[in-house]
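S.K.: Quick check, what structure comes out for this input:
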Amino acid sequence: LFLVWQSGSSFHVFDQGQFAKEVLPKYFKHSNMASFVRQLNMYGFRKVVHIEQGGLVKPEKDDTEFQHPYFIRGQEHLLENIKRKVTSVSNIKNEDIKVRQDNVTKLLTDIQVMKGKQESMDSKLVAMK
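M.R.: Just a heads-up that it's a prediction; the model follows:
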């Protein structure tokens, strides 16, 4: 088996090599498991890591489990809530850009003031020597 539901709230990929070779090309333009995982992450799926008795438990060889809060067996109506996370420059407000520019300008001014003070201290130190 390549893919198995686990208790209806997560799924396992047991044989990643065979999954990538036989399943991925049917649904994607690639057969790369890392690209598939990257896609899962973009849609909010997370790899499940089990912690037992205070330490990480190593999963069985080639067994990877993923979960998403809206990916639940028998709850198809929740699937519409699974959306690609979008972070783009168009989401940044003009006020945010103005604030950032102001911060950069202030930093540059502060650096110039510090340079002036450093040069003054250097010349005083030379005079003292």
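S.K.: drop to CA atoms for contacts and neighbour counts, all remaining ones
M.R.: Will do.
S.K.: Quote the end-to-end distance of stretch 26-43.
M.R.: By Cα to Cα, to the nearest Å, the extent of stretch 26-43 from end to end equals 20 Å.
S.K.: Need the residues that contact that stretch.
M.R.: Under the criterion Cα atoms under 8 Å, 6 or more residues apart in numbering, residues Gln16, Gly17, Ala20, Lys21, Val23, Leu24, Pro25, Arg46, Ile82, Lys83, Arg84, Lys85 lie in contact with stretch 26-43.
S.K.: run the last query once more with 7 Å
M.R.: Gln16, Ala20, Lys21, Leu24, Pro25, Ile82, Lys83, Arg84, Lys85 (Cα atoms under 7 Å, 6 or more residues apart in numbering).
S.K.: Tell me how many other residues crowd the third one.
M.R.: The reference is to Lys21. For Lys21, the tally of surrounding residues (other Cα atoms under 10 Å) stands at 14.
S.K.: domain ranges for this protein?
M.R.: Structurally, the chain divides into domains by the TED database as follows: 1-85, 87-128.
S.K.: Now mean pLDDT too, for these, in CSV please.
M.R.: Converted to CSV, those look like this (pLDDT from 0 to 100):
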stretch, mean pLDDT
domain 1-85, 82
domain 87-128, 80
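S.K.: so of these, which one's packed in deepest?
M.R.: Here the criterion is mean neighbour count by mean count of other Cα atoms under 10 Å, and of those the winner is domain 1-85, at a mean of 14.
S.K.: Okay, helices next: where are they in this structure?
M.R.: Assigned by DSSP state H, the chain shows helices spanning 16-18, 24-27, 33-42, 94-128.
S.K.: With that, I have no additional questions.
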